[in-house]
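Next one to model:
(2 chains)
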Number of protein chains: 2
Amino acid sequence: MSNEVKDRETGNAFLPKFDAAGLLTAVVQHVDTGEILMLAFMDQEALDATRKTGIAHFHSRSRGKLWMKGESSGNTLNVIEIRVDCDQDALILKAQPAGPACHTGARSCFYRKLTGNRLETVGDKA
Amino acid sequence: MSNEVKDRETGNAFLPKFDAAGLLTAVVQHVDTGEILMLAFMDQEALDATRKTGIAHFHSRSRGKLWMKGESSGNTLNVIEIRVDCDQDALILKAQPAGPACHTGARSCFYRKLTGNRLETVGDKA
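Reported below is the predicted structural model:
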């Protein structure tokens, strides 16, 4: 194992590993219930804005720009804790949501489960 | 909203939306505790193998090939439920792990939290 890999995995330095598109994957998890609310991507700018404000910011891949979750809906995510994975290319944002996390109005974007070959709506959209 | 987008978000058809690299993002969550264990990527082949066997398979971006989690360590992930997000480009695999999910031996890959500008080891690696 290279020293670089070892430092990233076992060290206490925050060395985020952005992918070829300059992005990290971020999973938002409800800080109290553990429910996974949404998944999005962060570039350096979104990471900096999130750390500075305590409110989750992402990079929109479709619009190619910084995006504060809830900037239009008001359903912001107050980030309580940031976890980093072993190779530092993924984050968990443990957050307190101000409202539904999903733009559809669902509490979580993951409101359907795969049952056989179909999707079945579960949770608060059931 | 286009009909295609609407069908993907509200319908009961499983229409996974692979990205430009042919991948979905998959978050593995412990089916009992809700702990997020790891994050990886799935192409069509990995998705098919996971659904067929009930054991989590991923696509290794670094090695460019199908990978059964635990194929060398024995620490497989028994997939109990698959959740799909609103736009169907991300999955949650609710799983029962046979052992530590992280190749470092940690129960979860997310064993460090960001504290100020440093990482602090938490959980079972503390």
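
buried sites along the lowest-mean-pLDDT helix or strand in chain A?
Least confident element among the helices and strands of chain A, by mean pLDDT, DSSP states H and E: helix A:3-10 (a mean of 85). Buried residues in helix A:3-10, counted by 16 or more other C-beta atoms under 10 Å in any protein chain shown: A:8-9. Glycine gets a C-beta too; all of them are placed from N, C-alpha and C.

For chain B, give me its nearest residue in chain A.
In chain A, no residue comes nearer to chain B than A:Gly34, which is 3.3 Å away by C-beta to the nearest C-beta.

Quick one: classify that residue as helix, strand or coil.
Here A:Gly34 is recorded as coil under DSSP: H, G, I helix; E, B strand; the rest coil.

Just give the number of residues close to the nearest residue to it once chain neighbours are set aside.
Nearest non-adjacent residue to A:Gly34, counting by C-beta to C-beta, 6 or more residues apart in numbering or on different chains: B:Gly34, 3.3 Å away. Counted by other C-beta atoms under 10 Å in any protein chain shown, the residues lying close to B:Gly34 total 14.

cool, and A:Ser62?
7.

and if you look at A:Asp85?
What A:Asp85 shows, counting by other C-beta under 10 Å, is a neighbour count of 26.

the helices in chain A, which residues?
A:3-10, A:44-53 (DSSP state H).

quick one on the thing from earlier: tell me the contacts of the residue of chain A closest to chain B?
B:33-35 (C-beta atoms under 8 Å, 6 or more residues apart in numbering or on different chains).

Now stretch A:27-45: buried residues?
A:27-31, A:35-43.

Turn these into JSON lines, including pLDDT.
Output for the buried residues of stretch A:27-45, formatted as JSON lines (pLDDT from 0 to 100):
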{"residue": "A:Val27", "pLDDT": "98"}
{"residue": "A:Val28", "pLDDT": "98"}
{"residue": "A:Gln29", "pLDDT": "98"}
{"residue": "A:His30", "pLDDT": "98"}
{"residue": "A:Val31", "pLDDT": "98"}
{"residue": "A:Glu35", "pLDDT": "97"}
{"residue": "A:Ile36", "pLDDT": "98"}
{"residue": "A:Leu37", "pLDDT": "98"}
{"residue": "A:Met38", "pLDDT": "98"}
{"residue": "A:Leu39", "pLDDT": "98"}
{"residue": "A:Ala40", "pLDDT": "97"}
{"residue": "A:Phe41", "pLDDT": "97"}
{"residue": "A:Met42", "pLDDT": "98"}
{"residue": "A:Asp43", "pLDDT": "98"}
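
what's the closest of those to B:Thr104?
Of all the buried residues of stretch A:27-45, B:Thr104 sits closest to A:Val27, with 18.8 Å by C-beta to C-beta.

Turn the helices of chain A into JSON lines, including distance to chain B.
Output for the helices of chain A, formatted as JSON lines (distance: least, C-beta to the nearest C-beta, whole Å):
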{"stretch": "helix A:3-10", "distance to chain B": "6"}
{"stretch": "helix A:44-53", "distance to chain B": "8"}
